[in-house]
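A.B. asks: sequence first, predicted coordinates after that:
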Amino acid sequence: FVGLMLLFPHAILHEASITFLGLGLSPHQPAIGIILSEAMRYLSTGMWWLAVFPGLGLLVIVRSFDRLGDHMRTLLDPRRAHE
């Protein structure tokens, strides 16, 4: 179960990178990679927040799943807490 929980951040990052490159979902479907890809066009015009806030959201989601998996591992096997 812990291993499955620790796979979520990788799955989220892979989905975001594939859709950022334009290979995943349709551009009409909501995905963080599509949002970041479309925001790249506006960076040169000074609209930095269109890319920063979705990027921070992606970072927070991935880090949250990672921390949750670490805490679950510690909870289920306290002897491995210091590894």
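C.D. replies: Looks like it came in fine. Numbers count the residues shown, from 1 in each chain.
A.B. asks: what's the next secondary structure element after the least confident helix or strand in the chain by mean pLDDT?
C.D. replies: Sorting the helices and strands of the chain by mean pLDDT, DSSP states H and E puts helix 2-20 at the bottom, at a mean of 87. Downstream of helix 2-20, the first helix or strand assigned by DSSP states H and E is helix 32-39.
A.B. asks: which residues does that following helix contact?
C.D. replies: With C-beta atoms under 8 Å, 6 or more residues apart in numbering as the test, helix 32-39 has contacts from 12, 15-22, 24-25, 27, 47, 50-51, 54-55, 57-58. Quick note: C-beta positions are derived from backbone N, CA and C, even for glycine.
A.B. asks: now the angle from the very next helix or strand once past that helix to helix 32-39?
C.D. replies: Sequence-wise, the next helix or strand downstream of helix 32-39 (DSSP H and E) is helix 49-76. Relative orientation of helix 49-76 versus helix 32-39 (axes from the mean of the first three to the mean of the last three C-alpha atoms, to 10 degrees): 160 degrees.
A.B. asks: show me which positions of helix 49-76 end up buried.
C.D. replies: Applying a neighbour-count criterion of 16 or more other C-beta atoms under 10 Å, one finds 50, 51, 54, 58, 61, 62, 65, 69, 73 buried in helix 49-76.
A.B. asks: between helix 32-39 and the least confident helix or strand of the chain, find me the angle.
C.D. replies: 30 degrees.
A.B. asks: where does the chain have low pLDDT?
C.D. replies: 80-83 (pLDDT under 70).
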